[in-house]
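Novice: just coords:
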């Protein structure tokens, strides 16, 4: 059998050595995603490409099996599944010096290194690594994708769950259970059960840290801010982007392909997924949410009219109206979800009003959305949605971005799913869709069967357009992130539930709780303080603790540009008051339990200090 070793690394050479004892196996090459290794020789064998080249190599080199020289549990799990999809057999690698009981069960893809001892009735799952000199005593169960490091000793009847790492020289007492996605530190002595998703270490081993549920992603250096990362100045930054090996593979696949970086098939696939999720006929991607808003408003033909917008939003909401040739008319917001206030919107409708642009804030659909929809219907004006922050949120079962005539989604770095930068427009209107396609790409008439970069035909240009296309790498990342959207939303909701519970007893804070009938996806976690002074003092306190926070949003109508255009302080008193009381706290999918508790305790510490100060003032008086 011809096989390839996945991973040109130190562990890969161990696998190569083990397989050299098997006369039925011939290792023909290494495969590694490090482009600097590809095309070179490693330990006497060629590195013929990256993992996505495996399917091709199987045909060219008659490869029928693979073995994994990768120590990382999650990467090994992901690539093993993909190898099976390619039709490769994932083989076990067992060193002849390992002692294995006859009735031990060994799963496919498992590696047992030199000097390891596997005793009677042991069950080893798939893609397990039992490293050099490790001992697995009788009746142990080791689930899939576990790594037992050199010299580790597991007593009889130990149960180790999926994706766990048992450190070098550690010892686990008999009949204990070690949870999934857990790390046991090297040299530890484990004398009690260890839960899921923790780092445990010491003699005796105790839980040192809560880990991410995504296989300790935060322990991976690629998910930690480097010294040049702006987030590195903060113990807890405002956000971190969730990513995993699948995201890296998705983008790498496009790069390695060497073609269709600007207009690859991943773009249409991503658009199809978005349209399907939102039950819309059309979804069109753009290089940013701002570009998407701009083109959406051009397609809707609001030129020379008025568009009612909130001032409590990011400036692009309002700028896009001007860029589309219309006049933004600012309206007040309500204090429960910080969305447009239906009563105030009605007061601001004139004969020139062509649309209302409703903004759903922080992951929650604006409370007055249905009232505003009915108002727009009555007045025969368009309802449009800026749903940049609310992908996946619902109100009475209706998804954000599907309630108006057209809706915009954003995939900027801190959003529910991210492509770095990116956006999309959802609509059922074919004419708008066709218009947006023209405007997105230079006004060029596109051939459905080919694209500009692979056609020898001359192109025709029907409109004055822009270059607002989403790159293929971004769409590939979007597709990968899209697979995880439910998981990521659930993680956000669990974190919000924790913070709501921790901060509920503080009188000066109003927590972020969704109205009845709403599914809040918590793109931001925003609290409202009882005054501007308390908000500013709390923010300063958090800064001193190394915790970033931010006031989202200062009113757009009070920025220098819009004051030059005639807006002034006092135009929107409710918006101005609320914007001085809101504060968005750090919030992201992979926030550790330690950081959650530090954040909550730091907020409570501030208010404990405030109470003490009040008591001292009262005593002095």
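Specialist: Here it is on my side, so go on. Remember, it's a predicted structure, so these values are computed and weren't measured experimentally. Residues are numbered from 1 along each chain as shown.
Novice: next one: the spatially most central residue of the chain, what pLDDT does it get?
Specialist: In the chain, the residue lying closest to the centroid (Cα atoms, centre = their mean) is residue 242, at 3.7 Å. Per-residue pLDDT puts residue 242 at 92.
Novice: I figured it hits residue 589, correct?
Specialist: Yes. The pair residue 242 / residue 589 is scored as a contact, 4.1 Å apart, by Cβ atoms under 8 Å. Quick note: C-beta positions are derived from backbone N, CA and C, even for glycine.
Novice: quick check, residue 273 in a strand?
Specialist: No. Going by DSSP: H, G, I helix; E, B strand; the rest coil, the assignment for residue 273 is helix, not a strand.
Novice: can you list contacts of stretch 104-116?
Specialist: In this structure, residues lying in contact with stretch 104-116 by Cβ atoms under 8 Å, 6 or more residues apart in numbering are 14-15, 18, 67-68, 76, 80, 89-95, 97-100, 118-136, 144, 150.
Novice: buried only: go through these for me.
Specialist: 14-15, 18, 67-68, 76, 80, 90-95, 98, 100, 118-119, 122-136, 144, 150 (16 or more other Cβ atoms under 10 Å).
Novice: show me the shaky parts of the stretch 201-350 of the chain.
Specialist: Applying pLDDT under 70 to the stretch 201-350 of the chain flags the ranges 212-232.
Novice: now do the helices in it.
Specialist: Here the stretch 201-350 of the chain has its helices, by DSSP state H, counting those that start in this stretch, at 245-257, 265-277, 289-299, 315-323, 342-348.
Novice: residue 66 versus residue 109, what's the distance?
Specialist: Per Cβ to Cβ, to the nearest Å, residue 109 is found 8 Å from residue 66.
Novice: any shared contact partners between those two?
Specialist: Contact criterion Cβ under 8 Å, 6+ apart; residues shared by residue 109 and residue 66: 90-91.
Novice: before we move on, back to that, in strands, which of the contacts of stretch 104-116 fall?
Specialist: Taking DSSP state E as the definition of strands, the contacts of stretch 104-116 contribute 67-68, 89-90, 93-94, 99-100, 118, 123-124, 129-130, 135-136.
Novice: now for these: which two are most distant?
Specialist: Using Cβ to Cβ, the ones in strands among the contacts of stretch 104-116 span at most 28.8 Å, a distance reached by 89 and 135.
Novice: rewinding a little: and the ones in strands among the contacts of stretch 104-116, which is closest to residue 416?
Specialist: Distances from residue 416 to these, taken by Cβ to Cβ, are shortest for residue 68, at 32.8 Å.
Novice: ok, that closest one - contacts?
Specialist: 5-7, 15, 76, 79-80, 90, 109, 111, 127.
Novice: remind me which residues of this protein are low pLDDT?
Specialist: For the chain, the stretches with pLDDT under 70 are 212-232, 610-621.
Novice: swap in 80 and give it another go.
Specialist: Within the chain, the stretches with pLDDT under 80 are 212-233, 447-451, 454, 609-621.
Novice: not counting sequence-adjacent ones, nearest residue to residue 491?
Specialist: Closest residue to residue 491 apart from its sequence neighbours, by Cβ to Cβ, 6 or more residues apart in numbering: residue 589 at 4.5 Å.
Novice: no wait, residue 48
Specialist: Closest residue in space to residue 48, ignoring its immediate chain neighbours: residue 29 at 4.5 Å, by Cβ to Cβ, 6+ apart.
Novice: pop out the phi and psi values for the one you found.
Specialist: When quoted as degrees, to the nearest 10, the phi and psi of residue 29 stand at phi -170, psi 170.
Novice: how deep is it tucked in, by neighbour count?
Specialist: Neighbour count for residue 29, taken as other Cβ atoms under 10 Å: 21.
Novice: so what's it up against?
Specialist: Contacts for residue 29 (Cβ under 8 Å, 6+ apart) come out as 4-5, 45-48, 57, 61, 63.
Novice: biggest separation within those, which pair?
Specialist: Pairwise distances across those (Cβ to Cβ) peak at 13.9 Å, for the pair 47 and 63.
Novice: quote the end-to-end distance of stretch 189-208.
Specialist: 14 Å (Cα to Cα, to the nearest Å).
Novice: that one: how far from the chain's middle?
Specialist: 29 Å (Cα atoms, centre = their mean, to the nearest Å).
Novice: what comes up buried for it?
Specialist: Buried, per 16+ other Cβ under 10 Å, within stretch 189-208: 189-190, 194, 196-201, 205, 207.
Novice: now swap in stretch 30-44 and tell me
Specialist: 30-33, 37-38, 42.
Novice: just the strands in the stretch 351-500 of the chain please.
Specialist: According to DSSP state E, counting those that start in this stretch, the stretch 351-500 of the chain carries its strands in the segments 353-359, 382-386, 394-395, 398-399, 406-410, 423-427.
Novice: mean neighbour count and distance to residue 457 added to these, as TSV?
Specialist: What follows is the strands of the stretch 351-500 of the chain, written out as TSV (neighbours: other Cβ atoms under 10 Å; distance: least, Cβ to Cβ, whole Å):
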stretch	mean neighbour count	distance to residue 457
strand 353-359	26	38
strand 382-386	25	36
strand 394-395	21	44
strand 398-399	19	39
strand 406-410	29	31
strand 423-427	29	28
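Novice: residue 277: which of the ones you listed is closest?
Specialist: That would be strand 398-399 among the strands of the stretch 351-500 of the chain, by Cβ to Cβ, at 7.5 Å.
Novice: neighbours of residue 298, how many?
Specialist: 23.
Novice: nearest to residue 343 among the contacts of residue 29?
Specialist: residue 57 (66.1 Å).
Novice: just the element for that closest one, please.
Specialist: Taking DSSP states H and E as the criterion, residue 57 maps to helix 54-60.
Novice: counting by contacts, list what that helix packs against.
Specialist: Using 3 or more Cβ pairs under 8 Å, 6 or more residues apart in numbering; DSSP states H and E, the elements in contact with helix 54-60 are strand 2-6, strand 26-31, strand 63-68, helix 73-86.
Novice: identify each buried residue in it, please.
Specialist: Buried, per 16+ other Cβ under 10 Å, within helix 54-60: 54, 57-58.
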